[in-house]
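Novice: no sequence on this one, just coordinates:
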């Protein structure tokens, strides 16, 4: 593009540093642009799951950002990091610390506290009530069933290996089942185990 700097060092940096939020400069072919990539949302495994995750996230961010006392002023970074690690290690079985509540199972935190906050944030963003219900109900059901993508994969692999398949064959069948379920676009909490 005429006049737009190519900035090859910045492009190299963008291709090698993967932050959860990162600015991306792209000189493009016709018009340069700058965008902010938000890479912290968990993947689907279906489009419906992905949209539900995004609705939950953006509803929470909206509400927390506009709160009289933002969450990040009530929780230390160490506590947030400890919560993150607990959830990374044990998923929906984790217990976390939450300001004003104390220690709480993450499923209870989601169901009793975070889903209502996300719904209010989505209302503030002008999202239709029917869509709020549709997408947050996916999170509610996933939390109640405690079957997210990771839990389904672990349980499916264990079941396949218990049926007599060796690890390689079980992983192949797991991938086939995952692919089939993913293309059904039914939320992961409804996926049957093989």
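Specialist: Ah, there it is. In this text the structure is predicted, and so the values were computed from the model without any measurement. Numbering: from 1, shown residues only.

Novice: only C-alpha atoms for contact and neighbour calcs from this point on.
Specialist: Noted.

Novice: where in this structure is pLDDT low?
Specialist: Residue ranges of the chain with pLDDT under 70: 1-2, 18, 42.

Novice: what do you get if the cut-off is 50, keeping everything else the same?
Specialist: Applying pLDDT under 50 to the chain flags the ranges 1.

Novice: now the strands: where do they sit in it?
Specialist: With DSSP state E, the ranges of strands along the chain come out as 21-26, 33-38, 95-98, 102-105.

Novice: most tightly surrounded among these?
Specialist: Stretch with highest mean neighbour count among the strands of the chain: strand 95-98 (a mean of 19; mean count of other CA atoms under 10 Å).

Novice: contacts for that strand?
Specialist: With contact meaning CA atoms under 8 Å, 6 or more residues apart in numbering, strand 95-98 is reached by 75, 79, 82, 83, 86, 87, 102, 103, 104, 105, 106.

Novice: again, but for stretch 31-41
Specialist: Applying CA under 8 Å, 6+ apart, the external contacts of stretch 31-41 come out as 1, 4, 19-27, 53-54, 57.

Novice: got the residues you listed as a markdown table, with distance to residue 166 columns?
Specialist: What follows is these, written out as a markdown table (distance: CA to CA, whole Å):
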| residue | distance to residue 166 |
| --- | --- |
| 1 | 55 |
| 4 | 56 |
| 19 | 37 |
| 20 | 36 |
| 21 | 40 |
| 22 | 41 |
| 23 | 44 |
| 24 | 44 |
| 25 | 47 |
| 26 | 46 |
| 27 | 49 |
| 53 | 34 |
| 54 | 37 |
| 57 | 39 |
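
Novice: ok, of those residues, which one's closest to residue 13?
Specialist: Nearest to residue 13 among these is residue 24, at 9.6 Å by CA to CA.

Novice: Against residue 138, how distant is the residue lying closest to residue 143 once chain neighbours are set aside?
Specialist: Spatial nearest neighbour of residue 143, chain neighbours left out: residue 107 (5.9 Å); criterion: CA to CA, 6 or more residues apart in numbering. Separation of residue 107 from residue 138 (CA to CA, to the nearest Å): 14 Å.

Novice: returning to what we had before: distance to residue 186 for the contacts of strand 95-98 - can I get that in CSV?
Specialist: Listed next are the contacts of strand 95-98 as CSV, based on distance: CA to CA, whole Å:
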residue, distance to residue 186
75, 36
79, 35
82, 32
83, 29
86, 28
87, 24
102, 35
103, 33
104, 30
105, 27
106, 24
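
Novice: if we can go back for a sec, format the strands of the chain as a markdown table; extra columns: distance to residue 143.
Specialist: What follows is those, written out as a markdown table (distance: least, CA to CA, whole Å):
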| stretch | distance to residue 143 |
| --- | --- |
| strand 21-26 | 26 |
| strand 33-38 | 23 |
| strand 95-98 | 14 |
| strand 102-105 | 11 |
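
Novice: Tell me which of those lies nearest to residue 189.
Specialist: strand 102-105 (19.0 Å).

Novice: where along this protein do the helices fall?
Specialist: For the chain, applying DSSP state H gives helices covering 8-16, 47-65, 77-90, 106-108, 115-124, 129-145, 149-162, 167-184.
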